[in-house]
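J.: Sequence first, then the predicted structure, then my questions.
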Amino acid sequence: MLMALAASDPTVDEFDDNDPDPPVLINRARPFHFNVELSLMFMPTLIEKYLNHTGGVAAITVHMNDIFALEAFGGYVYMREAAIIGGAESVRSQNPTMEPALPDLVGMSWIAQAGVAIAPIYGKLNFFSEVDMNSQFYICGGIGAIGAVKRQNVSVNPDEFTTEIVPLGARFAGNVGAGFKLFFTNWFGLRGEFRDIIFSDSFDYAGTGDPTPDVIHNFVGMFGLTFIVN
């Protein structure tokens with residue numbers, strides 16, 4: 001009789017203590033399986049050396065499952081020189097007629113990248129019993145290209161400087177980073193991440209006409225809204 005009742009109970013097998021391989025997770029509130037996600041994000045420079053960038057990007061993410069996703073993102077940014085280079089009391093103000101003989105003065109005007117995202121941590125933040133929010137931590141990386149630009153002195157007055165942005169063409173670039181998503185509903189959430197966008201260029205440090213290759217790191221943040229569209 002007891003065996004017959006146990007067999008008719010659908011929860012016995014699911015939570016059987018004698019199961020040699022019990023499941024870690026029975027069900028996820030918001031599983032990702034071939035879902036398409038669209039994100040719109042503001043992108044500023046977070047760690048500034050000689051340059052800073054401000055702009056926006058759009059991203060499309062295809063979730064293969066709850067852990068792995070393919071992603072592509074791109075956008076435009078505006079590059080400015082930091083105060084130490086282009087401010088009132090700066091390298092340029094001290095020598096208005098000379099270009100700074102410094103590395104890492106090449107920045108970005110646009111960016112296009114494709115890569116992967118891995119989400120090893122998925123959980124639920126329960127601030128209030130009535131509020132159901134789910135979170136996702138992920139690491140990411142990829143490759144693509146950026147539009148390289150540099151500011152150049154165009155002043156005619158030797159006592160002051162005025163610069164303009166000069167395009168230098170496309171550069172091969174890669175990126176690595178990590179991020180966090182907080183979903184309020186099945187289709188809407190907030191997204192924030194930190195990325196290092198990396199590319200190389202050559203700089204004439206000593207003004208000898210013999211440029212030296214160098215690696216440029218752009219530490220940027222991406223903050224905005226994200227939407228599950230299917």
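T.: Arrived safely.
J.: for residue 85, helix, strand, or coil?
T.: Going by DSSP: H, G, I helix; E, B strand; the rest coil, the secondary structure assigned to residue 85 is helix.
J.: Show the contacting residues for the residue nearest in space to the middle of the chain.
T.: Geometric centre of the chain, nearest residue: residue 195, 4.2 Å, by C-alpha atoms, centre = their mean. Contacts for residue 195 (C-beta atoms under 8 Å, 6 or more residues apart in numbering) come out as 140, 175-177, 219-222. Where C-beta positions appear, they are placed from N, C-alpha and C, glycine not excepted.
J.: And it, what's its pLDDT?
T.: The score at residue 195 is 97. That number is its pLDDT.
J.: so which strand or helix has it?
T.: Secondary structure assignment for residue 195, by DSSP states H and E: strand 188-203.
J.: Show me which residues of that strand are buried.
T.: Judged by neighbour count (16 or more other C-beta atoms under 10 Å), strand 188-203 contains these buried residues: 189-191, 193-195, 197-199, 201, 203.
J.: Also stretch 88-96?
T.: Those would be 90-92, for stretch 88-96 by 16+ other C-beta under 10 Å.
J.: any chance of these in a markdown table, with secondary structure and pLDDT too?
T.: As requested, the buried residues of stretch 88-96 are exported to a markdown table (DSSP: H, G, I helix; E, B strand; the rest coil; pLDDT from 0 to 100):
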| residue | secondary structure | pLDDT |
| --- | --- | --- |
| 90 | coil | 82 |
| 91 | helix | 85 |
| 92 | helix | 84 |
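J.: Turn the residues you listed into TSV, including distance to residue 155.
T.: Converted to TSV, these look like this (distance: C-beta to C-beta, whole Å):
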residue	distance to residue 155
90	14
91	14
92	9
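J.: from the residues you listed, which is closest to residue 134?
T.: residue 90 (46.8 Å; C-beta to C-beta).
J.: Please save the CA atoms from stretch 212-230 in PDB.
T.: C-alpha atoms of stretch 212-230 as PDB (Å, rounded to 0.1, in the frame of the first residue of the first chain):
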ATOM      1  CA  THR A 212      57.900  52.200 -31.400                       C
ATOM      2  CA  PRO A 213      54.900  49.800 -31.200                       C
ATOM      3  CA  ASP A 214      52.800  50.100 -28.100                       C
ATOM      4  CA  VAL A 215      49.600  48.500 -26.700                       C
ATOM      5  CA  ILE A 216      46.700  50.900 -25.800                       C
ATOM      6  CA  HIS A 217      44.200  50.000 -23.100                       C
ATOM      7  CA  ASN A 218      40.800  51.800 -22.900                       C
ATOM      8  CA  PHE A 219      39.100  51.000 -19.600                       C
ATOM      9  CA  VAL A 220      35.400  51.800 -20.200                       C
ATOM     10  CA  GLY A 221      32.100  51.100 -18.500                       C
ATOM     11  CA  MET A 222      28.800  50.200 -20.200                       C
ATOM     12  CA  PHE A 223      25.600  51.000 -18.300                       C
ATOM     13  CA  GLY A 224      22.000  50.800 -19.600                       C
ATOM     14  CA  LEU A 225      18.800  48.900 -20.200                       C
ATOM     15  CA  THR A 226      18.500  45.300 -21.600                       C
ATOM     16  CA  PHE A 227      15.500  43.600 -23.100                       C
ATOM     17  CA  ILE A 228      14.600  40.000 -23.900                       C
ATOM     18  CA  VAL A 229      12.800  40.100 -27.200                       C
ATOM     19  CA  ASN A 230      11.600  36.500 -27.500                       C
END
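J.: What residues of it count as buried?
T.: Buried, per 16+ other C-beta under 10 Å, within stretch 212-230: 216, 218, 220-222, 224, 226, 228.
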